[in-house]
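> my questions concern the predicted model and sequence given below.
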Amino acid sequence: MARRKAAGAGRKREAKSKKKPAVAEVEVIEEQKGLGIDDGVVILTTILFLVAFVLTDFKLGSEYQQGLFFK
C-alpha cells in the first residue's frame with residue numbers, strides 16, 4: 001500500500017529551503033584626516049565669543065572706566 005503525505009508536511013520544508021539568508025552589504029568609509037566642518041564651527045564660534053567679550057570690555061573701560069582689562 002502506498003502512503004500519502006499530509007497536505008502541509010512538504011510545504012514547511014520547501015519554505016525553509018527557498019529562503020535565502022539576508023546579506024547586508026557594508027561599505028567601509030574612512031574618515032578624512034584634518035578638521036571637519038563641525039570642528040570649524042566650534043573654533044569660529046569660540047573666536048567670535050572671545051572677540052565680543054574683549055570689545056565689550058574695551059567699551060566699558062574706555063567710556064565708563066569699569067572694564068576688567070581696559071580702564
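Done, it's in.

> spatially central residue for the chain, please.
Asp38 (10.5 Å; C-alpha atoms, centre = their mean).

> where in this protein is the helix or strand with the lowest mean pLDDT?
helix 9-18 (a mean of 58; mean pLDDT, DSSP states H and E).

> ok, then the element right after that one?
The helix or strand immediately downstream of helix 9-18 is helix 37-64, counting by DSSP states H and E.

> and Phe53, how many neighbours does it have?
12 (other C-beta atoms under 10 Å). C-betas here are computed from N, CA, C, even on glycine.

> again, but for the one 4 residues further on
Asp57 sits with 16 neighbouring residues when counted by other C-beta under 10 Å.

> which pLDDT value goes with the nearest residue to it once chain neighbours are set aside?
Of all residues not flanking Asp57 in the chain, Gly67 sits nearest, at 4.4 Å (C-beta to C-beta, 6 or more residues apart in numbering). If you check Gly67, the pLDDT there is 89.

> low pLDDT regions in this structure?
1-18, 21 (pLDDT under 70).

> re earlier: any idea how far Glu31 is from the residue nearest to the centre of the chain?
Distance of Asp38 to Glu31, computed by C-beta to C-beta, to the nearest Å: 12 Å.

> shared neighbours of these two, anything?
Counting by C-beta atoms under 8 Å, 6 or more residues apart in numbering, Asp38 and Glu31 have no contacts in common.

> what residues are up against Val23?
By C-beta under 8 Å, 6+ apart, the contact set of Val23 is empty.

> and it, how far from Ser62?
According to C-beta to C-beta, Val23 and Ser62 sit 70 Å apart.

> repeat for Gly36
As judged by C-beta to C-beta, Gly36 and Ser62 stand 39 Å apart.

> phi and psi next, for Phe70.
phi -120, psi 130 (degrees, to the nearest 10).

> what is the burial count for the closest residue to it other than its chain neighbours?
Using C-beta to C-beta, 6+ apart and skipping residues adjacent in sequence, the residue nearest Phe70 is Gly61, 2.9 Å away. The number of residues packed near Gly61 is 15, by other C-beta under 10 Å.

> would you confirm that Gly61 contacts Phe69?
Yes - if you go by C-beta atoms under 8 Å, Gly61 and Phe69 touch, sitting 6.8 Å apart.
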